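[1] Quick check, what structure comes out for this input:
(one chain, ligands or ions: 2)
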Amino acid sequence: MKIMVVGGGGREHAIIRKLRENPSVTEIFALPGNAGIAQDATCVNVKATDIDGIVNFAVGQGIEFAVVAPDDPLAMGAVDALHAKGIPCFGPVAKAAQIESSKAFAKQMMKKYGIPTAAFEVFEDAQAALDYVRGVKCPVVVKADGLALGKGVLICRTNAEAEEAVRSMMLENRFGSSGATIVVEEFLEGPEVSVLAFTDGNVVRPMTSSMDHKRANDGDEGLNTGGMGTIAPNPYYTPEVAQRCMQEIFLPTIRAMKAEGRTFKGCLYFGLMITADGPKVIEYNCRFGDPETQVVLPLLKSDLFDIMRAVENGTLADVDVQFSDASACCVMLASGGYPESYEKGKVIDLGKAPEMAEVFHSGTGRNADGELVTAGGRVLGVCCVRDTLREAVSAAYAAANQVRFDKLHMRTDIGARALAGLNKTEE
Ligand code: AMP
Ligand code: GLY
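    Ligands and ions are numbered 1, 2, ... in the order given. Next up, the predicted model:
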């Protein structure tokens, strides 16, 4: 089987490593891939947002199955376009991807179907939004409706801050057209849990839970990033919470999408907050998380390609989706300055890290001399699977500390909150 994976980050690297385990997969192409993915697949210089380029390549090469991993091509209809050429895909069609690409759509759907989430109002008119936030109870959360690389969410402690947030999104267009519509919502508190779930539109099979670390610096300080590290499973996701999530959130969401004529097939990412009132949805993503995938897929015992085909064929009920009881930790190594401006082209010395851990490449390339260099904000994800979370965290850091490049930045507390949570549940 010739397959194609659209995307070029650590998430795609982890997906490709797992797909290679299936003996019927003979060839994998990555569009565009990166320097690390090039060791596991054939990289093709087509951007993940070049839908025509993707379709032309797939048709020309006789691709038999496509995995579309990032949010942008999904929202732009990459799966619809590939389906139109008869190519089976893993990933939602554009109509279903809207669960991520429009927060207003997602919130209104949750309200209509009684899915627990923060109370909210949607605004398309700046004056109405300003009037509302002047009197609203703070803290309050102001969100741009569209895709904003995880940066379109502002937590406002005062009414003045909320007014400023509305102004920057709706009047100063800080997030471009993504901020033309905004959602203002109640501030929730509690531990956050990410749950990725396979679904064929009828059946939902949650994967091992995980915890992301979104802020740039230790102690959850600094700006929001795409994610600086992950652990799995998440100790705050107890069996009781999992059962509530299945009944109150996962199944109702799948049914709601189907009822709305937007049947969702692929990986649905539930960003949850475990509040005193129970689990609530913070956000949905229409795809695997990055770097959640780098800790979740190494724990998958079943065959990823078999699951992906079953998702596309609507036969997920018939396949095994089993996870190991072990734990995993992924430490992201980033370019100093990320998520704001940073330099690229720094030569990377991996040391003994590849022998000590799985090293997934996020933003890497080769310079004119063929050396491995940094090529993005997030550069490498260093991941270890061990029997316990404590062991996984210390093994991931031992390997991460092997890697050298100029201005390398990593958090030193990935897993600390989860370990504190574990101690609590064990007490
Ligand atoms: P989002 O892009 O919607 O996932 O939001 C990014 C981050 O902002 C989340 O991971 C949360 O940490 C935080 N956040 C979003 N919505 C809320 C909320 N209603 N209450 C508290 N924190 C929130
Ligand atoms: N790590 C968060 C995301 O993939 O959206």
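[2] for residue 384, which residues make a bridge with it?
    residue 329 (DSSP bridges).
[3] quick thing: my sequence starts at 23, can you match it?
    From this message on, residue numbering opens at 23, which makes the last subject residue 406.
[4] Look up the pLDDT of it for me, please.
    The per-residue pLDDT reported for residue 406 equals 98.
[5] Could you do residue 169 as well?
    On the pLDDT scale, residue 169 gets 74.
[6] Test my guess that it contacts residue 95.
    No: applying CB atoms under 8 Å as the test, residue 169 and residue 95 come out as separate, 11.5 Å apart. All C-beta atoms are positioned from the backbone trio N, CA, C, and that covers glycine.
[7] Between the two, tell me which one has more neighbours.
    Between residue 169 and residue 95, residue 95 has the larger neighbour count (other CB atoms under 10 Å), namely 26 against 16.
[8] nearest residue to residue 75 other than its sequence neighbours?
    In space, not counting the residues next to it along the chain, residue 75 is nearest to residue 68; the distance is 4.2 Å by CB to CB, 6 or more residues apart in numbering.
[9] What's the local residue count around residue 260?
    The burial metric for residue 260, expressed as a neighbour count using other CB under 10 Å, is 14.
[10] what's the residue nearest to residue 75 in contact with, if anything?
    Applying CB atoms under 8 Å, 6 or more residues apart in numbering, one finds that residue 68 lies in contact with 53, 54, 75, 76, 79.
[11] Can you tell me which of these end up in helices?
    Where those overlap with helices, as defined by DSSP state H, the overlap consists of 75, 76, 79.
[12] between those residues, which is closest to residue 336?
    Closest approach to residue 336 among those (CB to CB): residue 76, at 23.7 Å.
[13] Alongside ligand 1, which residues does the chain contribute?
    Near ligand 1, the residues belonging to the chain are 140, 163, 165, 172, 175, 177, 207-210, 214, 236, 293, 304-305 when assessed by CB under 6 Å from any ligand atom.
[14] Let me know the closest of the residues you listed to residue 220.
    Comparing the residues of the chain next to ligand 1 against residue 220 with CB to CB places residue 293 closest, at 16.8 Å.
[15] Could you tell me whether that closest one really is in a strand?
    Yes: per DSSP: H, G, I helix; E, B strand; the rest coil, residue 293 lies within a strand segment.
[16] for it, which residues make a bridge with it?
    residue 216, residue 305.
[17] ok, now which ones touch it?
    By CB under 8 Å, 6+ apart, the contact list for residue 293 reads 214, 216, 303, 304, 305, 306, 307.
[18] So which of those residues reach ligand 2?
    Checking the contacts of residue 293 against ligand 2 by CB under 6 Å from any ligand atom, the ones in range are residue 307.
[19] For the nearest residue to residue 326 once chain neighbours are set aside, grab phi and psi.
    Nearest in space to residue 326, with sequence neighbours left out and distances taken as CB to CB, 6+ apart, is residue 40 at 4.3 Å. Dihedral angles phi and psi of residue 40 (degrees, to the nearest 10) take the values phi -70, psi -40.
[20] Surely residue 40 touches residue 324?
    No: Residue 40 is not in contact with residue 324 according to CB under 8 Å; the separation is 10.1 Å.
[21] Have a look at these two and say which one is more surrounded.
    Higher neighbour count among residue 40 and residue 324: residue 40, with 19 against 12, using other CB under 10 Å.
[22] ok, the closest residue to ligand 2 within the stretch 123-272 of the chain - contacts?
    Each residue of the stretch 123-272 of the chain has a distance to ligand 2, by CB to the nearest ligand atom, and the smallest belongs to residue 249, at 3.5 Å. Taking CB under 8 Å, 6+ apart as the definition of contact, the neighbours of residue 249 are 172, 234, 235, 236, 311, 312, 313, 314, 354, 400.
[23] Which of the helices or strands spans it?
    For residue 249, there is no helix or strand it lies in under DSSP states H and E.
[24] and what of residue 129?
    Per DSSP H and E: residue 129 is located in helix 125-135.
[25] Poorly predicted segments of the stretch 23-172 of the chain, please.
    Under the criterion of pLDDT under 70, the regions of the stretch 23-172 of the chain flagged as low confidence span 170-172.
[26] Pull the residues that contact stretch 277-285.
    Contacting residues not belonging to stretch 277-285 are listed as 117, 118, 120, 121, 131, 132, 134, 135, 137, 223, 224, 286 [CB under 8 Å, 6+ apart].
[27] doesn't residue 118 make contact with the last one?
    Yes: Residue 286 is in contact with residue 118 according to CB under 8 Å; the separation is 4.3 Å.
[28] Overlap of the contact sets of those two?
    Common neighbours of residue 286 and residue 118 (CB under 8 Å, 6+ apart) are 279, 308.
[29] Neighbour count: the two, which is higher?
    For residue 286 against residue 118, the residue with the higher neighbour count under other CB under 10 Å is residue 286, and the figures read 26 against 23.
[30] pLDDT score assigned to that one?
    Model confidence at residue 286, given as pLDDT, is 98.
[31] List the contacts of it.
    So, once contact is read as CB under 8 Å, 6+ apart, residue 286 ends up touching 114, 118, 121, 221, 223, 276, 279, 280, 308.
[32] Is the second one within a helix or a strand, and which one?
    Right, the one you point to is residue 118. Assigned by DSSP H and E, residue 118 belongs to helix 116-123.
[33] what does that helix rub up against?
    Contacts of helix 116-123 (CB under 8 Å, 6+ apart): 93, 96-99, 101-102, 113-114, 127-128, 131, 168-169, 279, 283-288, 290-291, 305-309.
[34] Now the buried members of those residues.
    Buried by 16 or more other CB atoms under 10 Å: 93, 96-99, 101-102, 113-114, 127-128, 131, 168-169, 279, 284-288, 290-291, 305-309, out of the contacts of helix 116-123.
[35] Go ahead and confirm residue 333 touches residue 219.
    No: Residue 333 sits out of contact with residue 219 when judged by CB under 8 Å, with a separation of 10.5 Å.
[36] ok so, going back, could I get the contacts of stretch 277-285 as TSV with distance to residue 87?
    Below are these laid out as TSV (distance: CB to CB, whole Å):
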residue	distance to residue 87
117	21
118	19
120	24
121	23
131	29
132	32
134	34
135	32
137	32
223	18
224	21
286	19
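[37] Show me which of the residues you listed are buried.
    Using 16+ other CB under 10 Å as the threshold, 118, 120, 121, 131, 132, 137, 223, 286 are the buried ones among the contacts of stretch 277-285.
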